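Colleague: Quick one: sequence plus predicted model below, questions after.
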Amino acid sequence: MRMIDLIEKKRDGQELTKDEINFMVQGYTRGDIPDYQMSALAMAVFFQDMSSSESVHLTMAMVESGDQIDFSEIEGIKVDKHSTGGVGDTTTLILAPLVASVGVPVAKMSGRGLGHTGGTIDKLESIAGFEVEMDGTTFNQLVNKNKVAVVGQSGNLTPADKQLYGLRDVTATVDSIPLIASSIMSKKIASGADAIVLDVKTGSGAFMKDVEGAKKLAETMTQIGNGAGRNTIAVISDMNQPLGFAIGNGLEVKEAIDTLKGEGPEDLYELCLTLGSHMIYLAGQADSTKEARTQLEDAIKSGRAVEKWKTFIEAQGGDKSVVDDPSKLPAASHTFEVKAKEDGIISEIIADEIGIAASMLGAGRTTKDSRIDLAVGLVLNKKVGEKVKKGESLVTVHSNTKETSDVVEKIYESYSISPHDVESKPLIYDVIK
């Protein structure tokens with residue numbers, strides 16, 4: 001078998017076989033196939049697309065290129081949730097204890113963030129003492145005992161994907177649906193999930209800006225998951241404005257606690273219940289998503305959800321008293337208001353731009369080695385569709401520096417105020433099974 005023949009075949013729009021894809025991925029991971037040939041193949045895929053079976057074969061070849069997590073010692077169906085990113089997305093912090101509180105095991109491996117704020121692991125480190133590293137045996141025991149544990153990603157998962165992603169990044173082939181889908185799904189499958197719920201974002205703060213593109217990505221990922229023997233569904237949700245009110249690590253932890261108490265932002269609460277009900281249904285703990293939703297609502301109202309959060313925090317060495325006393329979370333030295341310059345109705349909050357404003361304060365990383373300030377960030381006081389009067393606060397800024405004029409300017413660039421009513425966008429666009 002020769003790589004040049006596979007490049008020609010894909011260039012001409014033909015379907016690659018499982019053996020051909022395995023040859024290609026194994027050869028590239030070993031270093032036998034050079035970057036220039038792999039980049040030619042990636043560009044051929046970019047223009048010619050891939051069939052569902054090709055996408056499954058590519059995903060599984062990348063899964064098999066490295067370590068695979070074995071959760072067989074954990075009782076029950078392990079359902080993982082993955083979000084394609086966004087601004088103010090604290091769903092994992094809420095869903096892990098919430099879903100566990102109704103008896104579904106959540107064995108979650110999460111990463112650190114390269115972006116507007118930290119990843120789930122960074123956010124959890126806002127809690128004093130919280131341990132994000134442990135051996136596999138301890139992790140399995142914790143999930144069996146408490147139904148929930150969250151650790152940092154470790155081991156050599158999907159090295160082929162890491163190599164291919166680095167190549168795509170510099171060859172203008174990042175925006176290929178089958179390559180995006182196989183990259184995401186290879187990591188989820190290698191991470192030991194039995195079933196997967198995907199939260200595919202669309203809008204100004206998402207990777208997929210339009211609903212049609214998000215739908216195509218969701219369909220490809222569900223085909224891969226189901227084709228690889230993992231029950232998979234995808235929820236397409238809106239990211240034209242940030243989710244919830246908080247953008248920043250410690251601030252988002254507080255918002256997650258509020259949501260588990262039933263006191264959080266309406267959009268964040270609704271999305272968590274939607275995603276959580278699909279997780280419970282896939283785990284076989286309910287006969288319908290409607291029944292699953294009722295279980296989650298009961299867990300929040302009864303206080304079981306927030307009690308599970310305390311158990312989860314304490315089991316991993318964290319200070320559970322932050323639940324009842326959020327002042328123990330990291331706090332910034334300065335807070336001030338960014339006020340509206342005119343009367344009107346909030347017509348737009350550009351999620352990407354407001355995320356950059358939070359990152360400028362130190363809430364996110366610009367490189368892998370950057371330090372994150374867990375205390376800083378933004379709290380949105382006005383969302384799209386709300387009335388505002390001149391002089392009212394749009395955003396509360398939590399900062400550890402006094403010089404923030406560039407941040408304020410970025411916030412004003414993010415917000416648009418209109419004299420007219422604005423049409424609200426749906427939070428959930430579609431569910432793909």
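Modeller: Received, thanks.
Colleague: Now do the same contact list for G317.
Modeller: 129-131 (Cβ atoms under 8 Å, 6 or more residues apart in numbering). Placement of C-beta: from N, CA and C, glycine included.
Colleague: swap that for Q26, please
Modeller: By Cβ under 8 Å, 6+ apart, the contact list for Q26 reads 61, 65.
Colleague: Near T17, how many other residues are there?
Modeller: 14 (other Cβ atoms under 10 Å).
Colleague: cool, the one 4 residues further on as well?
Modeller: In terms of burial, I21 registers 23 neighbours under the definition other Cβ under 10 Å.
Colleague: same thing with N240?
Modeller: Neighbour tally, N240, other Cβ under 10 Å: 17.
Colleague: Find the helix or strand that it is a member of.
Modeller: Here N240, judged by DSSP states H and E, is contained in no helix and no strand.
Colleague: quick one: contacts for it?
Modeller: Applying Cβ under 8 Å, 6+ apart, one finds that N240 lies in contact with 203-205, 348-349, 351, 384, 425.
Colleague: Kindly report the same for P326.
Modeller: Going by Cβ under 8 Å, 6+ apart, P326 touches 254, 257.
Colleague: measure it to L251 for me?
Modeller: P326 sits 10 Å away from L251, going by Cβ to Cβ, to the nearest Å.
Colleague: How many neighbouring residues does the nearest residue to V200 once chain neighbours are set aside have?
Modeller: Nearest in space to V200, with sequence neighbours left out and distances taken as Cβ to Cβ, 6 or more residues apart in numbering, is A218 at 4.5 Å. Per other Cβ under 10 Å, the neighbour tally for A218 reads 28.
Colleague: Please identify which helix or strand holds A218.
Modeller: If you go by DSSP H and E, A218 is part of helix 211-227.
Colleague: Just the CA trace of the next helix or strand after that helix, in PDB.
Modeller: Later in the chain than helix 211-227, the nearest helix or strand by DSSP H and E is strand 231-238. C-alpha atoms of strand 231-238 as PDB (Å, rounded to 0.1, in the frame of the first residue of the first chain):
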ATOM      1  CA  ASN A 231     -25.200   5.600  22.000                       C
ATOM      2  CA  THR A 232     -24.800   9.200  21.000                       C
ATOM      3  CA  ILE A 233     -27.100  12.200  20.800                       C
ATOM      4  CA  ALA A 234     -26.400  15.900  20.000                       C
ATOM      5  CA  VAL A 235     -28.200  19.000  21.300                       C
ATOM      6  CA  ILE A 236     -27.700  22.100  19.100                       C
ATOM      7  CA  SER A 237     -27.700  25.100  21.500                       C
ATOM      8  CA  ASP A 238     -27.300  28.900  21.100                       C
END
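Colleague: And the next helix or strand past strand 231-238?
Modeller: The element immediately downstream of strand 231-238 (helix or strand, assigned by DSSP H and E) is strand 246-247.
Colleague: Off-centre distance for the helix or strand following that next one?
Modeller: Next in sequence after strand 246-247, counting helices and strands by DSSP H and E, comes helix 249-260. From the chain centre to the centre of helix 249-260 is a distance of 16 Å (Cα atoms, centre = their mean, to the nearest Å).
Colleague: still on that earlier bit, can you verify my assumption that the residue nearest to V200 contacts L198?
Modeller: Yes - using Cβ atoms under 8 Å, A218 is in contact with L198, at 6.5 Å.
Colleague: Give me the common contacts of those two.
Modeller: Common neighbours of A218 and L198 (Cβ under 8 Å, 6+ apart) are A234.
Colleague: So which bits of stretch 410-425 are buried?
Modeller: For stretch 410-425, the neighbour count (16 or more other Cβ atoms under 10 Å) marks 410-412, 414-415, 417 as buried.
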